[in-house]
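# Just the structure for this:
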Amino acid sequence: MKILIYFAVFLVMPFIFAGIINNIKSFWAGRQGPPLLQPFFDFVKFLKKGRVISVTSGGIFAAAPVAGAAAALIASVVVPVSGSGSLFSFGGDFIFFAYILALGKFFMIASSMETGSSFEGMGASREAFFSALVEPSFFIIFASLSAFSGHLSFSGIFAFIRTGEPLMTAIIILCAASLYITLLTEGCRVPVDDPNTHLELTMIHEVMVLDNSGPDMALINYASWLKMTMFSVLISGIIIDPSTGAGISLAITLVIILAAAVITGCIESMFARLRMTHVPQFLLLTASIAVAVLSIAVLVIFGGLK
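Predicted coordinates for the structure are as follows:
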């Protein structure tokens, strides 16, 4: 059963997540949206197309899309689904999760630089800079929660912080907000980036993959959708009380994933992408939240705050 739930959440839901975003954007634009599974149809279409590799590119460019998708899939096995758990859980799995995603991103950045394109190099530098702003906040938050709870795994942390106390409620809200900002960043969505833009000078992730096509593009898109789904599952893990029944927990998890997709679609419909100079300021919100969670943890551990 756990494997079936994993398959449904991490192999099927990413396509539905992207499809909901597209339909929400179509709704706000006053037009009929594409089929809900259109991202899956596009994925299959890209897989059937041929690869076009620049003569200036080498082995890293060819391997990066596979490495990026594989990294996202490997990271997903330690993400606990409420009501089911994760396929693998061990002490420090949140560190493994962050590092394996960073490894996939490293390959993508290296591949874009290998092309020799000034535009893709520009996108790679932006991706590295914005990731450097978000990823430390993820570490600080979960390291604080780990010290706070005495657990080093996602499952142990989530089980501890949900007690219904006002202090825990504040922590839940802060962590959920930080994870959602990380979702927007990892998924390359508005207001951090715009996946539909075609102006190289303002693109971040999309300009990195200008030379990718066919199966490579399919894997890159899937990895992006999977990351957004994973962070939605992490948000649900923080919110759902551990005493909730397995079936109800799983249902609430699916609702939260769908809600995250709807909210993302609404944001992309109602707001424009931030100016490049304002994106770091927005991402520093995660640093502020991380410092707040760290402060609460320090006060609880050393100051006796209840």
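# For burial, what's the neighbour tally of K227?
K227 has 25 neighbours, counted by other CB atoms under 10 Å. C-beta: built from backbone N, CA, C; applies to glycine.
# Contacts only, for it.
Contact analysis of K227 by CB atoms under 8 Å, 6 or more residues apart in numbering lists A72, L101, L183, E186, G187.
# L184 is in contact with V192, isn't it?
Yes. Using CB atoms under 8 Å, L184 is in contact with V192, at 5.4 Å.
# from the contacts of K227, which two are the most distant?
A72 and L183 (13.1 Å; CB to CB).
# With neighbour numbers in mind, choose between these two.
Using other CB under 10 Å as the criterion, A72 and L183 rank with A72 on top: 25 against 21.
# And the contacts of whichever strand or helix holds that one?
Using DSSP states H and E, A72 falls within helix 59-76. Contacting residues not belonging to helix 59-76 are listed as 6, 10, 51, 53-54, 96-97, 100-101, 103-105, 107-108, 110-111, 114-115, 211-212, 215-217, 219-220, 222-223, 226-227, 230 [CB under 8 Å, 6+ apart].
# Could you give the separation of that helix from the chain centroid?
15 Å (CA atoms, centre = their mean, to the nearest Å).
# for stretch 289-299, same thing?
On CA atoms, centre = their mean, the centre of stretch 289-299 falls 23 Å from that of its chain.
# Contacts for it next, please.
Residues from elsewhere that reach stretch 289-299, judged by CB under 8 Å, 6+ apart: 136-138, 140-141, 144-145, 147-148, 167, 170-171, 174-175, 177-178, 181, 305.
# can you pull the buried residues of it?
Within stretch 289-299, the residues that count as buried by 16 or more other CB atoms under 10 Å are I289, A290, A292, V293, L294, I296, A297.
# State the distance from Y180 to L258.
14 Å (CB to CB, to the nearest Å).
# Narrow the contacts of helix 59-76 to those that are buried.
6, 10, 96-97, 100-101, 104-105, 107-108, 111, 114-115, 211-212, 215-217, 219-220, 222-223, 226-227, 230.
# Sort out for me which of those residues are in helices.
Those of the buried ones among the contacts of helix 59-76 mapping onto helices are 6, 96-97, 100-101, 104-105, 107-108, 111, 114, 215-217, 219-220, 222-223, 226-227, 230, per DSSP state H.
# returning to what we had before: just the contacts of stretch 289-299: which are in helices?
Short answer: the contacts of stretch 289-299 in helices (DSSP H) are 136-138, 140-141, 144-145, 147-148, 167, 170-171, 174-175, 177-178, 181.
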